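Participant: just to be clear, the model below is a prediction. Sequence and coordinates:
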Amino acid sequence: MKLEEVRRILDGEVVSGSKSLDIEVAMACGADLMSDVLAFIKQDALLITGLTNPQVVRTAEMVDVKAICFVRGKRPGQETITMAQKKSIPLLLTHLPMFEACGRLYKNGLPGCSEAE
Amino acid sequence: MGKDDGFGRVQELSYELKVGEVMTTTVITVAPDNRVGDLRELFRANKMSGTPVVAGDRLVGIISIEDFIKCLADGEMDCPVRMRMTEKVEVLYADEPVVHAIHKFDRRGFGRFPVLDRKTGHLVGILSKGDIIKGLLKKLEIDYHEEEIHHYRASHIFEDILADKTAIRLKYDVRGKDFENAGASASALKKTLSRLGFHPQVIRRVAIATYEAEMNIVVFTPKGQMLADIHPDHIEVKAVDKGPGIPDIERALVPGFSTAPEWVRELGFGAGMGLSNIQKSSDKMVLKSKVGKGTDLRMTFFLYR
């Protein structure tokens, strides 16, 4: 699923990386626990999280996450944005809560990490 | 690199590839009420030695050329397929790894297996040995180029160095409580391994384990070091610190056990999964610690498993 479609489905906005909206995410992982992200995510995934600190970007980098979407309208600080730009990881923002964000994407055919090839 | 590596990859692929990825999806089937006599033209035209019998979406049996011949000998070509088919059908499921199928072919000696979807029970394809070979070859072809480059580049460094024993050591200093830079060492190591051309799977395992180890140093200790030794066939990373030490290592290894303060949890860590993540990502993990002296964590990653 293209990142632009993710944004549209989540009524979201682009925090940074607006030039990367045509990249594909193969699956998604919703988590606030970064150790779980490290343990279960596969590459080319979209990370959906309620945390906005720079460690989220660092975690994403470690496991080759394609893009991050913050839920519940939480806006990341400049430090997080700068790091994401440096690592070329686009950031999205949605006002939906975690469950609904995940649910909408899943309903639209984006698989979870345990299902995707 | 010996010849064994190539064989190893095929074996690995037979675990990675699923039956559903290699099977033939256009399946010629017959209905239970078809005449056995009609099978002759079907078998001849499609060069088949057997075919699944399907009622609606449901697989109800299989009929082979042997069944056909027996029927012919009995002079009962007008008999319905239902009467002559084998009802207890050995099947495969689309989500099974190809290696299961290979074993099944070996054990049963059949030419083909119908493939069902595990959830719906519907017939979704048919698998022959030829399908497996074709599937493996196709995947190998795709992998081959990338794989060769990674193997070549990573082993290349060592081939150019003439010594009885070679290891490249990368050293990273980790500052405790410095959250802005937490993970910077793991990130730098990941980038370096990637530049050296290591296989993405190896890089990923090293990245996850070293990132967790680095977070432990940042969270619990005033400072520490990460020492990565790159050997021709493995990478060893030592994460050492002069922190407070771990009083009960056995407990610390239990998934979910944590002594991390609340603010660490707010960063998305400290849920007691770090060490178990490290254990899962590495091929070998040795943890030594003395209270009041510090901790020494060694992680080994084999390059060619």
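Facilitator: Nice, thanks for sending it over. Numbering: from 1, shown residues only, chains lettered A, B, ... in the order given.
Participant: please make it C-alpha for all contacts and neighbour counts, starting now.
Facilitator: Will do.
Participant: which positions in stretch A:66-86 come out as buried?
Facilitator: A:66-71, A:73-76, A:80-81, A:83-84 (16 or more other CA atoms under 10 Å in any protein chain shown).
Participant: those residues into JSON lines, with extra columns for secondary structure, distance to chain B and pLDDT?
Facilitator: Listed next are the buried residues of stretch A:66-86 as JSON lines, based on DSSP: H, G, I helix; E, B strand; the rest coil; distance: CA to the nearest CA, whole Å; pLDDT from 0 to 100:
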{"residue": "A:66", "secondary structure": "coil", "distance to chain B": "14", "pLDDT": "96"}
{"residue": "A:67", "secondary structure": "strand", "distance to chain B": "17", "pLDDT": "97"}
{"residue": "A:68", "secondary structure": "strand", "distance to chain B": "15", "pLDDT": "98"}
{"residue": "A:69", "secondary structure": "strand", "distance to chain B": "15", "pLDDT": "98"}
{"residue": "A:70", "secondary structure": "strand", "distance to chain B": "14", "pLDDT": "97"}
{"residue": "A:71", "secondary structure": "coil", "distance to chain B": "15", "pLDDT": "97"}
{"residue": "A:73", "secondary structure": "coil", "distance to chain B": "17", "pLDDT": "95"}
{"residue": "A:74", "secondary structure": "coil", "distance to chain B": "14", "pLDDT": "93"}
{"residue": "A:75", "secondary structure": "coil", "distance to chain B": "15", "pLDDT": "95"}
{"residue": "A:76", "secondary structure": "coil", "distance to chain B": "13", "pLDDT": "96"}
{"residue": "A:80", "secondary structure": "helix", "distance to chain B": "10", "pLDDT": "95"}
{"residue": "A:81", "secondary structure": "helix", "distance to chain B": "13", "pLDDT": "96"}
{"residue": "A:83", "secondary structure": "helix", "distance to chain B": "10", "pLDDT": "95"}
{"residue": "A:84", "secondary structure": "helix", "distance to chain B": "13", "pLDDT": "96"}
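Participant: which one of those residues is nearest to residue B:76?
Facilitator: Nearest to residue B:76, judged by CA to CA, of those is residue A:66 at 63.2 Å.
Participant: residues contacting the closest one?
Facilitator: Residue A:66 is in contact with A:24, A:25, A:43, A:44, A:45, A:46, A:47, A:60, A:89, A:90, counting by CA atoms under 8 Å, 6 or more residues apart in numbering or on different chains.
Participant: same thing with residue A:64?
Facilitator: Going by CA under 8 Å, 6+ apart, residue A:64 touches A:42, A:43, A:44, A:45.
Participant: same question for residue A:80.
Facilitator: Going by CA under 8 Å, 6+ apart, residue A:80 touches A:52, A:53, A:54, A:57.
Participant: need the residues of chain B near chain A, please.
Facilitator: Listed as neighbours of chain A in chain B under the rule CA under 8 Å from any CA of the partner chain: B:180, B:182-183, B:186-187, B:190, B:204, B:207-208, B:211-212, B:266-269, B:271, B:273-274, B:277.
Participant: separation between residue B:45 and residue A:48?
Facilitator: 53 Å (CA to CA, to the nearest Å).
Participant: find the closest residue to chain B in chain A.
Facilitator: residue A:33 (4.5 Å; CA to the nearest CA).
Participant: that residue contacts residue B:274, correct?
Facilitator: No: judged on CA atoms under 8 Å, residue A:33 makes no contact with residue B:274 at a distance of 11.0 Å.
Participant: where along chain A do the strands fall?
Facilitator: A:13-16, A:27-30, A:45-49, A:67-70, A:91-93 (DSSP state E).
Participant: how about those, which one is nearest residue B:259?
Facilitator: Going by CA to CA, the one of these nearest residue B:259 is strand A:45-49, 23.6 Å.
Participant: state the mean pLDDT of that closest one.
Facilitator: Average pLDDT, strand A:45-49: 97.
Participant: and the residue in the stretch 201-305 of chain B that chain A sits nearest to, what pLDDT?
Facilitator: In the stretch 201-305 of chain B, the residue that lies nearest chain A is residue B:268 (4.5 Å; CA to the nearest CA). pLDDT, residue B:268: 87.
Participant: give me the neighbour count for it.
Facilitator: Residue B:268 has 23 neighbours, counted by other CA atoms under 10 Å in any protein chain shown.
Participant: next one: residue B:251
Facilitator: Neighbourhood size, residue B:251 [other CA under 10 Å]: 12.
Participant: just the CA trace of stretch A:108-117, in CSV.
Facilitator: Output of stretch A:108-117 as CSV, limited to C-alpha atoms (Å, rounded to 0.1, in the frame of the first residue of the first chain):
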residue,chain,number,x,y,z
ASN,A,108,-8.3,-1.8,3.6
GLY,A,109,-6.1,-4.8,3.1
LEU,A,110,-2.8,-3.9,4.7
PRO,A,111,-1.6,-7.1,6.4
GLY,A,112,0.0,-7.5,9.8
CYS,A,113,3.6,-8.6,10.3
SER,A,114,2.7,-12.2,11.2
GLU,A,115,0.7,-12.6,8.0
ALA,A,116,2.9,-10.8,5.4
GLU,A,117,5.4,-12.8,3.4
